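J.: Okay, predicted coordinates and the sequence, questions at the end:
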There are 2 protein chains.
Amino acid sequence: MTSTPVRRSIATVCLSGTLEDKLAAAAGAGFDGIEVFEPDLLASPWSPAEVALRCADLGLSIDLYQPFRDLDSTDPDRFARNLRRAERKFDVMAALGTSTILVCSSVAPDAVADPDHLAEQLAAAADRAAARGLQLAYEALAWGRHVSTWDRSWDAVRRADHPALGLCLDSFHVLSRQSDPAGFAAVPAEKLFFLQLADAPQLQMDVLQWSRHHRLFPGQGAFDLPGFLAAVLDAGYSGPLSLEVFNDVFRQADPGRTAVDAMRSLLWLEEQLAGRRPDLGLAAPPPAPRLTGYSFAELAVDGVSGPQVGALLAGLGFSHTGQHRSKPVQLWEQGEARVLVNASVVRPAAAGTAEVTALGLESEDPTRSAHRATALLAPVLPRTRGSAEAELSAVAAPDGTQVFFTRTGPEGWPADFLPTGTATGPGAGAGITGVDHVGLTQPFDSFDEAGLFYREVLGLRTGAVTEIPAPYGLVRNRAVTNPERTVRLALSVSLLRRGGWSPGVPAPQYVAFATADVVATARALRAAGAPLLPIPANYHDDLDARFDLDPRLLADMREHGLLYDEDEQGAYLHLCTPVLGDRVYVEVVQRIGDYDAYGAVDAPVRMAAHRRARLAAAAAADAG
Amino acid sequence: MTSTPVRRSIATVCLSGTLEDKLAAAAGAGFDGIEVFEPDLLASPWSPAEVALRCADLGLSIDLYQPFRDLDSTDPDRFARNLRRAERKFDVMAALGTSTILVCSSVAPDAVADPDHLAEQLAAAADRAAARGLQLAYEALAWGRHVSTWDRSWDAVRRADHPALGLCLDSFHVLSRQSDPAGFAAVPAEKLFFLQLADAPQLQMDVLQWSRHHRLFPGQGAFDLPGFLAAVLDAGYSGPLSLEVFNDVFRQADPGRTAVDAMRSLLWLEEQLAGRRPDLGLAAPPPAPRLTGYSFAELAVDGVSGPQVGALLAGLGFSHTGQHRSKPVQLWEQGEARVLVNASVVRPAAAGTAEVTALGLESEDPTRSAHRATALLAPVLPRTRGSAEAELSAVAAPDGTQVFFTRTGPEGWPADFLPTGTATGPGAGAGITGVDHVGLTQPFDSFDEAGLFYREVLGLRTGAVTEIPAPYGLVRNRAVTNPERTVRLALSVSLLRRGGWSPGVPAPQYVAFATADVVATARALRAAGAPLLPIPANYHDDLDARFDLDPRLLADMREHGLLYDEDEQGAYLHLCTPVLGDRVYVEVVQRIGDYDAYGAVDAPVRMAAHRRARLAAAAAADAG
């Protein structure tokens, strides 16, 4: 077999904006074609012929016109009117230069229930289409009145037995009804007219609302898209792989960005099947090298926040061990924890704020990590290189954080730093052994994009999306880890973008350092004068009510303001500093047993404490 | 019977913020008491005794401590630990000075299924409570493992037969399971320990998610709260009326504002039953006077937008008939449509923008309208009055729009205007007969508040909440009308607060004028040079495909850019002007038959056209 590269397509409904915006976004992300979603055309000043020209200019084919609703009818007059309506849409298709229209199963009260009657009406419409050189792809909506599963749609198409009538398979409609894609094998390949791909989280709700609001791109939800696509391809489908995602967030987000996210999801999906179907020319980016741990976390500072961060790190037992050869960047170390304090980054943020701007991740092959990232459309960052500076590959994560792929060693990035002469020998420091995780608030519009980015571009694992009721609104959390748990990220986002009442820390970030004994570390920090966040006694009283804790440990928790969580795997002790500037704080965490989470249950207590500390600091500043 | 005024209470979980914020908000809105939601206490630096003092200072009683979860257990050790946990919470209650704790039915795998075993454990816990002078209010969570309906909770309480054990009835848990409140009559009054009130929209989804995200205050949803409350009161309940609402929007909105919305919902609910139960001292605000129509719509302008608005009104056939005696306010008239163009309002909006800032509504009793509004906590606006100026009562709607209650006549508000001498006799104008409706985008956080405001404060009717997929994200719509349909408002809100990508008109507003013949009006407008919004041919091609339209009418629609909708009741033709400044435009509408909607289905086409017009105007300004 010769390789016939798959074509990648996207329905315009996936993207926000007008048709003009959508075409530009789809072309910009490298799609080969589009599905024209009718409402987008109706709102466009371009005639169908002009749309066709614009698409040709952009290198986009028009693979489908959609949707045509409620074709069949038990009322002969209405069916005649529906055929007239179809003819008008065939005019539009002719001008667009597209041959296939999506006909979805009727939801109307007059929908035809009798399978032969339905097949007869579909065939009548297919006759009209065939006369124009067009064809109908019939799709079972999961909430169709009589046809709501793909096998019912196939039954109608089989009975109609018309060359201009075939199936459109939509992964949402099939998988939301828990139908088995294995059945596709019974469908002749020439009857598979079109394929629409969408993922979704597993939700217990009305299927129409689930479909219209919560679809996601492949790899972002809970459906088995690789299994679905494998079944479709094995059945002989040879048309485009086309995305059709209705999602409340994507509908209002920058379409250029959404289109890239969409394309990345398709490249990932292809990669899952590339080895199995080498004949199809599916995407096969370089495999993700193992990421083995944090080489550093970078905080960007200015003249105000720089000394504050330095004082905090010193208080936490870090030593200022290195100074960058060519830039105002300090290296601070304790155990395997390394923090870069970078005063060279120009930032739009408010003066006096510190921000997590970069993470160094140890890669077994940094060059391949960067190549994979490029293949999966991650923005690769330009890097000016001084004479004695190691070359570093970096990509921008969806929240703008720079992710550097490093190999730490004498020839690696540490060679960029001149030693200050300060030692970090045994006995120094406060017991911090490394970076446990970094907590990053994601931009509202890119939370799902971020999950896909870390999983596909970096080859990490994503945990379940969970929610906590925080004092200023619900917060969603999702963990990203490597298999060994030496790389952990805690992503979060507000369930609703904030409005005028915003008393919390906006878009907080934190670096959580690991210790083997948080009580000992807390004592050392307090001895060194590090500012720890006070935690209310009510919280510890509740711990005492809920858990059977060693009284000495509980007394230590009260004394040092430790937060605590436990589950079947183990337990978790952590402490927080106040917020530096507007958004960054530090945690120190101790994991006991196989506890694998992040103490998110304590976030409301921590948020309220942070607000109090900020109000107190502001009051002190006013008084001073 | 002597009147024992009901007490009004609110659970702290209804309000955003920390406990400190919540107590202040509840007291500010006039609540008598609160339910302390435990997580709010745990995050507070105040000890329970300090919370009690603070509440006493604010005039708030603490009516309930909640929730106590998963009390019963098939594992005796675990049950013993649960009793220990309860004792610790009894300590907290003693310090808070509250006597009742909410025990909700267990959701845990070890929940007790056997009714007698469950009753035995509840009685054991009630023994412990009674020894401290406390009591347990047992509530069936709609998703409880074995007890998920109120009658199962009553069965457990009845079997336990313990004086310190009674029921908590929660309207959400009862009505979401479609249980009949009539059954409450079988419960002795002394067993009705507590009552929690929440409304909700009718949603087809997992009941836990429905409860935790989508509850609303009474009158804002689809449940029959008056019927529920009547059944509870008839059964002899004499405790506080307490609100417990979990809502994603309220969780992140200004708690002071939410608390007022909550209190208004309770006053409305009481009003429904005040006549039936005069013994309870329920709220009975003055009945809402009939509102009979629009006296005027006011546009605030500045030096840039003022002349633009004047030119537009002149182009639309309005005459400048009056000038305010003491302020830079013009009166423009055509038929029964009156527009005030007010250059005296100080506005924070961008220069050059026009805004709908006030509506005049004809009331059969303006003074009583204002008194009702005051009784229902609407902000009454101060009004400076010149020597020859009519006194006008006005309140602020949730979006800040000033609503004036007027009686138009020789002694009324028109007397404030000196005639300009310009006539508006028959034959003048373009056929506009009055104001059909006003479209107002609501602030994201107050869409549900607005529905309650217009319904309860003004005595109008609210329609169903509907959604349309617009080019820049989903939009929710809700109509507000008087019974005669001479007062109509079209409220809208984005489903998600907008982020960085915001190509649409932010928070658009419009005034829709009525005409009996929109084609004739369109001709007159074009003859007068009024700018009409161009509508794409694709839109009219689709109308032709979908409807059986008179070809002459279709040709007129194409020529003048008319939009069209039809339903079983009738049809609707409307046209739009471009946006003036940043947010206001004008529609002219013709209703045919009994069409009762607002053409929302056309909004995507209109939004895309508005964006094009704005881009074209900006390009022309750049070029010029």
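T.: Perfect, I can see it now. Residues are numbered from 1 along each chain as shown, chains lettered A, B, ... in the order given.

J.: Let me see the ranges of the helices in the stretch 151-300 of chain A.
T.: Under the criterion DSSP state H, counting those that start in this stretch, the stretch 151-300 of chain A contains helices at A:171-176, A:207-214, A:225-234, A:255-274.

J.: and the ones you listed as TSV, adding mean pLDDT and mean neighbour count?
T.: Backbone N, C-alpha and C define where each C-beta goes, glycine included. Shown next, in TSV, are these (pLDDT from 0 to 100; neighbours: other CB atoms under 10 Å in any protein chain shown):
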stretch	mean pLDDT	mean neighbour count
helix A:171-176	97	25
helix A:207-214	95	18
helix A:225-234	97	20
helix A:255-274	97	23
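
J.: A:Ser105 touches A:Trp143, doesn't it?
T.: No. Between A:Ser105 and A:Trp143 there is no contact under CB atoms under 8 Å: 9.0 Å.

J.: Name the nearest residue to the residue of the stretch 351-500 of chain A at minimum distance from chain B, sequence neighbours excluded.
T.: Closest approach between the stretch 351-500 of chain A and chain B, counting by CB to the nearest CB: A:Gly473, at 3.0 Å. If the residues on either side of it in the chain are set aside, A:Gly473 comes closest to B:Gln252, at 3.0 Å by CB to CB, 6 or more residues apart in numbering or on different chains.

J.: Report the rounded mean pLDDT for stretch A:444-459.
T.: Confidence for stretch A:444-459, expressed as mean pLDDT, is 97.

J.: What of stretch A:21-39?
T.: Mean predicted lDDT for stretch A:21-39 stands at 98.

J.: export it as CSV, just CAs?
T.: The C-alpha trace of stretch A:21-39 is given here as CSV (Å, rounded to 0.1, in the frame of the first residue of the first chain):
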residue,chain,number,x,y,z
ASP,A,21,-11.8,34.7,12.1
LYS,A,22,-12.4,31.0,12.0
LEU,A,23,-11.0,30.4,8.5
ALA,A,24,-7.8,32.3,9.4
ALA,A,25,-7.4,30.4,12.7
ALA,A,26,-7.9,27.0,11.0
ALA,A,27,-5.4,27.8,8.3
GLY,A,28,-3.0,29.2,10.8
ALA,A,29,-3.0,26.0,12.8
GLY,A,30,-2.3,23.9,9.7
PHE,A,31,-5.7,22.3,9.1
ASP,A,32,-6.3,20.9,5.6
GLY,A,33,-10.0,21.5,5.6
ILE,A,34,-13.1,22.7,7.4
GLU,A,35,-16.7,21.8,8.0
VAL,A,36,-18.8,24.8,7.3
PHE,A,37,-21.3,25.2,10.2
GLU,A,38,-24.3,26.8,8.7
PRO,A,39,-24.9,29.6,11.2
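
J.: So what's the residue count around A:Ser494?
T.: Counted with other CB atoms under 10 Å in any protein chain shown, residues neighbouring A:Ser494 total 21.

J.: Also A:Val465?
T.: A:Val465: 18 neighbours (other CB under 10 Å).

J.: Contact partners for the residue nearest to it when sequence neighbours are not counted?
T.: Leaving out its chain neighbours, the residue that sits closest to A:Val465 by CB to CB, 6+ apart is A:Arg478, at 4.9 Å. By CB atoms under 8 Å, 6 or more residues apart in numbering or on different chains, the contact list for A:Arg478 reads A:447, A:451, A:462-466, A:491-492.

J.: OK, contacts around the residue nearest to A:Gly473?
T.: A:472-474, A:494, A:496, A:498-499, A:501, B:16, B:445 are the contacts of B:Gln252 under CB under 8 Å, 6+ apart.

J.: Locate the nearest residue to A:Cys55 once chain neighbours are set aside within the secondary structure: which element?
T.: In space, and not counting its chain neighbours, A:Cys55 is closest to A:Ile62: 5.7 Å by CB to CB, 6+ apart. Assigning secondary structure by DSSP states H and E places A:Ile62 in strand A:61-68.

J.: Parallel or antiparallel, list what pairs with that strand.
T.: Partners of strand A:61-68 in the sheet, by DSSP bridges, are strand A:33-37 (parallel), strand A:100-104 (parallel).

J.: May I have it as PDB, with CA atoms only?
T.: Provided in PDB are the C-alpha atoms of strand A:61-68 (Å, rounded to 0.1, in the frame of the first residue of the first chain):
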ATOM      1  CA  SER A  61     -10.900  22.400   1.500                       C
ATOM      2  CA  ILE A  62     -14.500  22.500   2.400                       C
ATOM      3  CA  ASP A  63     -15.200  18.900   3.500                       C
ATOM      4  CA  LEU A  64     -18.700  19.200   4.800                       C
ATOM      5  CA  TYR A  65     -21.700  21.500   5.000                       C
ATOM      6  CA  GLN A  66     -23.600  21.000   8.300                       C
ATOM      7  CA  PRO A  67     -26.100  20.500   9.800                       C
ATOM      8  CA  PHE A  68     -29.300  19.700   7.900                       C
END
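
J.: what's the spacing between it and its chain's center?
T.: Distance, stretch centre to chain centre, for strand A:61-68: 27 Å (CA atoms, centre = their mean, to the nearest Å).

J.: Where does the stretch 251-400 of chain A get nearest to chain B, which residue?
T.: For the stretch 251-400 of chain A, CB to the nearest CB, closest residue to chain B: A:Gln252, 3.0 Å.

J.: Could you pull out the helices in the stretch 401-550 of chain A for me?
T.: All helices of the stretch 401-550 of chain A, identified by DSSP H, counting those that start in this stretch, fall at A:447-452, A:518-527, A:537-546.

J.: Let me have those in a markdown table, adding distance to B:Pro382 and mean neighbour count as columns.
T.: Compiled in a markdown table, the helices of the stretch 401-550 of chain A are given as follows (distance: least, CB to CB, whole Å; neighbours: other CB atoms under 10 Å in any protein chain shown):
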| stretch | distance to B:Pro382 | mean neighbour count |
| --- | --- | --- |
| helix A:447-452 | 45 | 24 |
| helix A:518-527 | 55 | 20 |
| helix A:537-546 | 43 | 19 |
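
J.: can you list those helices in JSON lines and add distance to chain B?
T.: Output for the helices of the stretch 401-550 of chain A, formatted as JSON lines (distance: least, CB to the nearest CB, whole Å):
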{"stretch": "helix A:447-452", "distance to chain B": "12"}
{"stretch": "helix A:518-527", "distance to chain B": "19"}
{"stretch": "helix A:537-546", "distance to chain B": "4"}
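
J.: how about those helices, which one is nearest B:Phe68?
T.: Closest of the helices of the stretch 401-550 of chain A to B:Phe68 is helix A:537-546, at 10.2 Å (criterion: CB to CB).

J.: contacts for the closest one?
T.: A:549, A:554, A:557-558, A:563-564, A:602, A:605, B:38, B:41-44, B:46-48, B:84-85, B:88-89, B:91-92.

J.: Would you mind checking these for buried ones?
T.: Among the contacts of helix A:537-546, those classed as buried by 16 or more other CB atoms under 10 Å in any protein chain shown are A:549, A:554, A:557-558, A:563-564, A:602, A:605, B:38, B:41-44, B:46-48, B:85, B:89, B:92.

J.: In helices, which of these fall?
T.: A:554, A:557-558, A:605, B:38, B:41-42, B:48, B:85, B:89, B:92 (DSSP state H).

J.: By neighbour count, which bits of the host helix or strand of A:Ala621 are buried? Give me those.
T.: If you go by DSSP H and E, A:Ala621 is part of helix A:603-623. For helix A:603-623, burial by neighbour count (16+ other CB under 10 Å) applies to A:603-614.

J.: so what does it touch, helix or strand wise?
T.: Judged by 3 or more CB pairs under 8 Å, 6 or more residues apart in numbering or on different chains; DSSP states H and E, helix A:603-623 is in contact with strand A:466-470, strand A:570-576, helix B:38-42.

J.: again, 7 Å this time
T.: strand A:466-470 (3 or more CB pairs under 7 Å, 6 or more residues apart in numbering or on different chains; DSSP states H and E).

J.: Between strand B:33-37 and the strand it packs on, find me the angle.
T.: 140 degrees (axes from the mean of the first three to the mean of the last three CA atoms, to 10 degrees).

J.: I'd like the mean pLDDT over strand A:466-470, please.
T.: Per-residue scores along strand A:466-470 average to 95.
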